[in-house]
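Chemist: Got a sequence here, can you model it:
(chains A and B)
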Amino acid sequence: MKKRTGIVLAAAATMIAALMSFSCAKSAPAAKKTQVRWFVGLGAGSDEPTFAPQKAVVDKFNASQNEIELVLEIVDNSQAYNTLATQISGGNAPDIVGPVGIRGRDSFKGTWLDLAPLVEKTKYDLTQFDNSMVEFYRDKNEGLVGLPFAIYPSFMYVNKELFAEAGIPLPPKKYGEQYVDENGKKWPWNYDTVKMLARKLSVDSKGRDSTEADFDSASMVQWGFGQQWGDARSWGTLFGPGSFTDASGKAQIPANWLAAWNWIYDGMWKDNFIPNGPYGSSDILGGGDWFASGKIAMDHSHLWYAGFAQIKFDWDIYPMPEWNGKTTAKMHADTFVITKQSKNPDAAFKVLSWLLGEGSSDLLKIYGGMPARKNLQEGFLSEFFATKFPAASIDASIVVDSIAYADNPNHEGWMPSFQETTTRYSDFWNVLTNEPSISVNAEADKLKADLEKIFAAAK
Amino acid sequence: MRRILGLPLKREQLWGLMFIAPWLAGFLIFYLVPMAASFLFSFMDFNLIQPENNRFVGLKNWVRALSEDPQVLASIGRILQYTLISLPISFGFSLVVAILLNNRLLLGTKLFRVLFYLPTMVPLVSTVLIWNGVLNEHVGWINLSIKHLTGLEVTGVDGIRWLANTRLIYISYTMIGLWGCGNTILIFLAGLQGIPTELYEAALIDGANGPRRLFAITIPMMTPVLFYNLITGIVGLMQYFLIPFVINQGSGFPNGMTNFPMVYFYRQSFSYFNMGYGAVIAWLIFALGLFFTLVLFGTSNRWVYYAGGKD
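Modeler: All right, here's what the predicted structure looks like:
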């Protein structure tokens, strides 16, 4: 019995030793390279179809040189925030994080490395980007926390079939042009005109539009206007840029946002041309993917939506309307950042430079982003739309023109106690989209009072 | 004899320990150590994304939870309120279904057993998403069915707002919860099948009618099963999280009614990364569950009947 036990133990020890030596032998060549970990998940890149193409980019980089081994870590977006926070807490943060939007970046404020010294050390050419986009990533306290990679202008997605069905002319095709109605009358392309059209395009189950007296708001089947996956800040920005933080760091509710929220609230509950919360999350509107459902005539969204949308009807893109004489087309932007905990910032910056340079053409196709590098912009959009939607004839010039109307300050910008503030204003938005008989101004006052408390506690 | 008997016993003990060693290791690594760590964190200002600022703050988090932050006690009040509504309904429903399924006169018993257990096999998140659609005030089929059957205008904002009305929300959540009662029904059914038939035969000879047999035989004999289900049910409700989180992303809508302790704990720990304060809330949830468990164990001598004796 003892002899048999001894044989078993010896065999087990031999196997473990063999496995260890095999593993050491296997990892020996890799040890010569500097390992750089690339974390994907805070923004685009955590959808299954993007895995293989991203892995191909990594393989391409690893094959291109012998000093650095780039390791890809993809985490699902729903888990990425907690995973990254846990890694940071454990002193095990990745070297590079991205693509990451403004929201994702500011959720981890204080975590990112100032890239300015590395830019200077390596003589990295910043002139290849629009200067305003470089400044977009410069924080007065934290320095240059990212370099421009991809931008996602926003514009109006329009379902041309719904306009045709209602016999209503389409919106103007260029910024600055007026809307011409079916009688040839001209209207300024503003939110009053949008409301006028949207009410005619909002229909109940008996085919009546929302301008008719016997319109039944409880059985709607089609809406005139919406914003895809918006929150209080992005909806507010329809009427102009703003921030919950004033110049002195105190809480504020921008007057234009309050006006927008009132307009939207009436649009949902009184004039019935914007989907309210229960309609918006229902299957009738694609469980949130409003435009692709084909049940919304005008839908505001970003370029990234076209990257994955499954649109099966005739559509095109149009300019954003103005409010009080000012047009705003909110902007999303993605970047790559390096963590302060990175053990090899020099190697990480080499990878970052490659991702923004040689690797960017592949990555931009994967993520559906418009290149931030000026020399890559030309031709990108027409190829992008032709590849994604060969049957549609999309006027890509609207995308480029929308850049000039980007919101500044950006609606996704930093706020004190970022996550707690986000939770509070999300609750506010939840009430607006689900409660039909509240005072928007009173709710906004409550929101401001709570934000003041949150901001004060964060100091 | 003692020496001979003593040796195998010691070896058996060792083997026993070896067999449960994987579980013991799992318990130590994944339960006991994290619990001890979370107790330690409850005395710290511990933020995941700013580890360099973590520091000991004594009882500050506990004082905040128990006296300064109204959300904590309010969330506990809400879960107690929800428990009072949900637990009797789900228990009553499960017991009635189990009794029906145990009835010899029921045709297609096996089919019904499968049908009642089947929803348990569907992942809970999917179930909640389906119910979210079913209870939609505009296009959910419950409201549409009521409208078509009765002609009443129950859809829309003036209709039955299952997920937005503060008076209906706990009933709606309980309805969703009933979908997952398969396990409880199964345990009740096993308990019912364990009751000796002689007892019913004797009762029949004595002339006891159906209700009499139910209250004099079935329910007393079922008390150990009821006791078990009550404890697991209450502990489960103290950790109630998934339904409000999937439907409202933990926003507490409507009017904070669904901001239960576990939801608030999640927000503090995993949305705001305040792990120290979150640990306090976690311990309060644990204390609440422990309190009810102790009360139930303390009173079990008075109402739980063990046919074979307690030991």
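Chemist: Who are the contact partners of whichever residue of chain A sits closest to chain B?
Modeler: Chain B sits closest to residue A:218 of chain A, with a gap of 2.8 Å, by Cβ to the nearest Cβ. Placement of C-beta: from N, CA and C, glycine included. By Cβ atoms under 8 Å, 6 or more residues apart in numbering or on different chains, residue A:218 lies in contact with B:138, B:153, B:155, B:156, B:157, B:158, B:159.
Chemist: Go again with 10 Å.
Modeler: A:204-205, A:272, B:137-139, B:143, B:147, B:153-159 (Cβ atoms under 10 Å, 6 or more residues apart in numbering or on different chains).
Chemist: which of the residues you listed are buried?
Modeler: With burial judged by 16 or more other Cβ atoms under 10 Å in any protein chain shown, the buried subset of those is A:204, A:272, B:137, B:138, B:139, B:143, B:147, B:154, B:155, B:156, B:157, B:159.
Chemist: out of those residues, who's nearest residue B:195?
Modeler: Closest approach between the buried ones among the contacts of residue A:218 and residue B:195, by Cβ to Cβ: residue B:143, at 41.9 Å.
Chemist: Need phi/psi at the closest one.
Modeler: Per-residue torsions, residue B:143: phi -60, psi -40 (degrees, to the nearest 10).
Chemist: same deal with residue A:180?
Modeler: phi -110, psi 120.
Chemist: Spatially nearest residue to it (excluding sequence neighbours)?
Modeler: residue A:186 (5.6 Å; Cβ to Cβ, 6 or more residues apart in numbering or on different chains).
Chemist: can I assume that neighbour is in contact with residue A:177?
Modeler: Yes. Counting by Cβ atoms under 10 Å, residue A:186 sits close enough to residue A:177 to count as a contact (9.4 Å).
Chemist: shaky segments in the chain?
Modeler: No chain specified, so I'll use chain A. A:1-31 (pLDDT under 70).
Chemist: wrong one, I was asking about chain B
Modeler: B:1-9, B:308-311.
Chemist: Pick out the residue of it closest to chain A.
Modeler: Counting by Cβ to the nearest Cβ, chain B gets nearest chain A through residue B:156, at 2.8 Å.
Chemist: Please report the distance of the nearest residue to that residue once chain neighbours are set aside from residue B:133.
Modeler: Here the nearest residue to residue B:156 in space, its sequence neighbours aside, is residue A:218; by Cβ to Cβ, 6+ apart that works out to 2.8 Å. Distance of residue A:218 to residue B:133, computed by Cβ to Cβ, to the nearest Å: 17 Å.
Chemist: and what of residue B:291?
Modeler: 37 Å.
Chemist: more crowded one of the two?
Modeler: Taking other Cβ atoms under 10 Å in any protein chain shown, residue B:291 and residue B:133 do not tie; residue B:133 has more neighbours (15 against 12).
Chemist: since we're on the closest residue to residue B:228 other than its chain neighbours, how many residues are nearby?
Modeler: Leaving aside its chain neighbours, residue B:228 sits nearest to residue B:187 (7.1 Å; criterion: Cβ to Cβ, 6+ apart). As a burial measure, residue B:187 scores 17 neighbours (other Cβ under 10 Å).
Chemist: Residue B:76: neighbour count?
Modeler: 18.
Chemist: Could you do residue A:316 as well?
Modeler: So residue A:316, with other Cβ under 10 Å, has 17 neighbours.
Chemist: Check the secondary structure at it for me.
Modeler: Three-state assignment for residue A:316 (DSSP: H, G, I helix; E, B strand; the rest coil): strand.
Chemist: name the element the residue nearest the centre of chain A belongs to?
Modeler: Centroid-nearest residue in chain A, with Cα atoms, centre = their mean: residue A:332, separated by 5.5 Å. Remark: residue A:332 resides in strand A:331-338, with elements defined by DSSP states H and E.
Chemist: Run me through the strand neighbours of that strand, direction for each.
Modeler: strand A:96-100 (antiparallel), strand A:147-159 (antiparallel) (DSSP bridges).
Chemist: got JSON lines for these, with distance to residue A:57 and mean neighbour count too?
Modeler: Converted to JSON lines, those look like this (distance: least, Cβ to Cβ, whole Å; neighbours: other Cβ atoms under 10 Å in any protein chain shown):
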{"stretch": "strand A:96-100", "distance to residue A:57": "12", "mean neighbour count": "28"}
{"stretch": "strand A:147-159", "distance to residue A:57": "13", "mean neighbour count": "24"}
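Chemist: Need those strands in JSON lines (columns: distance to residue A:82).
Modeler: Converted to JSON lines, those look like this (distance: least, Cβ to Cβ, whole Å):
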{"stretch": "strand A:96-100", "distance to residue A:82": "14"}
{"stretch": "strand A:147-159", "distance to residue A:82": "24"}
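Chemist: Who's the closest spatial neighbour of residue B:98, skipping the chain neighbours?
Modeler: residue B:188 (3.5 Å).
Chemist: Let's check: the centremost residue of chain B is which one?
Modeler: Mean-position check on chain B, Cα atoms, centre = their mean. Result residue B:236 at 2.5 Å.
Chemist: helices or strands next to the one helix or strand that residue maps to in the packing?
Modeler: Per DSSP H and E, residue B:236 falls inside helix B:219-238. Secondary-structure packing of helix B:219-238 (3 or more Cβ pairs under 10 Å, 6 or more residues apart in numbering or on different chains; DSSP states H and E): helix B:70-101, helix B:182-193, helix B:261-266, helix B:275-303.
Chemist: Tell me which of those is the most buried.
Modeler: Neighbour counts (mean count of other Cβ atoms under 10 Å in any protein chain shown) averaged over each of those peak at helix B:261-266, with a mean of 23.
Chemist: Restricting to C-alpha, output that helix in PDB.
Modeler: Provided in PDB are the C-alpha atoms of helix B:261-266 (Å, rounded to 0.1, in the frame of the first residue of the first chain):
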ATOM      1  CA  PRO B 261     -30.600  47.500   0.500                       C
ATOM      2  CA  MET B 262     -28.800  45.300  -2.000                       C
ATOM      3  CA  VAL B 263     -29.400  47.800  -4.800                       C
ATOM      4  CA  TYR B 264     -28.000  50.600  -2.700                       C
ATOM      5  CA  PHE B 265     -25.100  48.400  -1.700                       C
ATOM      6  CA  TYR B 266     -24.400  47.800  -5.400                       C
END
